[in-house]
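Visitor: Attaching a predicted model along with its sequence, questions to come.
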Amino acid sequence: MGRSSVNGQLDLLLLSSLGAGEAHGYALIARIHERSGARIELQEGSVYPALHKLEAAGCVASRWADDDGGRRRVYALTGAGHAELSRKVEEWKGFSAAVRGVLGAAS
């Protein structure tokens, strides 16, 4: 499942992944890939701009951390990020229930 399949849900995926703990961008990509059963493959070119947007919105904070001899930017949820994650989860539940209703009506 590529980028177009997660269109509009990237923020939810990133916030949810950060809910499991802080991580750098590549680790978030790997975490989402693993948790999706290898069905979601994100590209760095979409993840980093989304993280920067979430940081500008106050949902994510970042810091530099030393990692295996190098420095990486590590991201973590803020209080506002936890609230936004809850809001997006509820929004997703409503949307997925609506889609299930439509699919059930089509059977």
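Guide: Now that the structure is in, tell me what you want to look at. Numbers count the residues shown, from 1 in each chain.

Visitor: What are the boundaries of the helices in this protein?
Guide: 10-18, 25-35, 44-56, 79-106 (DSSP state H).

Visitor: Give me the contact list for stretch 39-58.
Guide: 1-3, 5-6, 10-11, 13-15, 25-26, 28-29, 32-33, 60-62, 75, 78, 80-81, 84 (CB atoms under 8 Å, 6 or more residues apart in numbering). Where C-beta positions appear, they are placed from N, C-alpha and C, glycine not excepted.

Visitor: List the contacts of the residue positioned nearest the centre of the chain.
Guide: Nearest to the mean C-alpha position of the chain, counting by CA atoms, centre = their mean, stands Leu14 at 1.4 Å. Counting by CB under 8 Å, 6+ apart, Leu14 touches 28, 32, 47, 50-51, 54, 60.

Visitor: One more: Leu12?
Guide: Contacts of Leu12 (CB under 8 Å, 6+ apart): 85, 88-89, 92.

Visitor: and if we set it to 7 Å?
Guide: Leu12 sits next to 88, 92 when contact means CB atoms under 7 Å, 6 or more residues apart in numbering.

Visitor: cool, and Gly69?
Guide: Contacts of Gly69 (CB under 7 Å, 6+ apart): none.

Visitor: Phi, psi for it please.
Guide: phi 80, psi 0 (degrees, to the nearest 10).

Visitor: so how far is the first residue of stretch 31-45 from its last?
Guide: Stretch 31-45 has an end-to-end distance of 17 Å (criterion: CA to CA, to the nearest Å).

Visitor: Go through it and flag the buried ones.
Guide: Within stretch 31-45, the residues that count as buried by 16 or more other CB atoms under 10 Å are 31-32, 40, 42.

Visitor: Those residues into TSV, with extra columns for distance to Gly101 and pLDDT?
Guide: Shown next, in TSV, are the buried residues of stretch 31-45 (distance: CB to CB, whole Å; pLDDT from 0 to 100):
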residue	distance to Gly101	pLDDT
Arg31	31	97
Ile32	27	97
Ile40	24	94
Leu42	29	94
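
Visitor: can I get these in CSV with distance to Ser96?
Guide: Below are the buried residues of stretch 31-45 laid out as CSV (distance: CB to CB, whole Å):
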residue, distance to Ser96
Arg31, 21
Ile32, 18
Ile40, 16
Leu42, 20
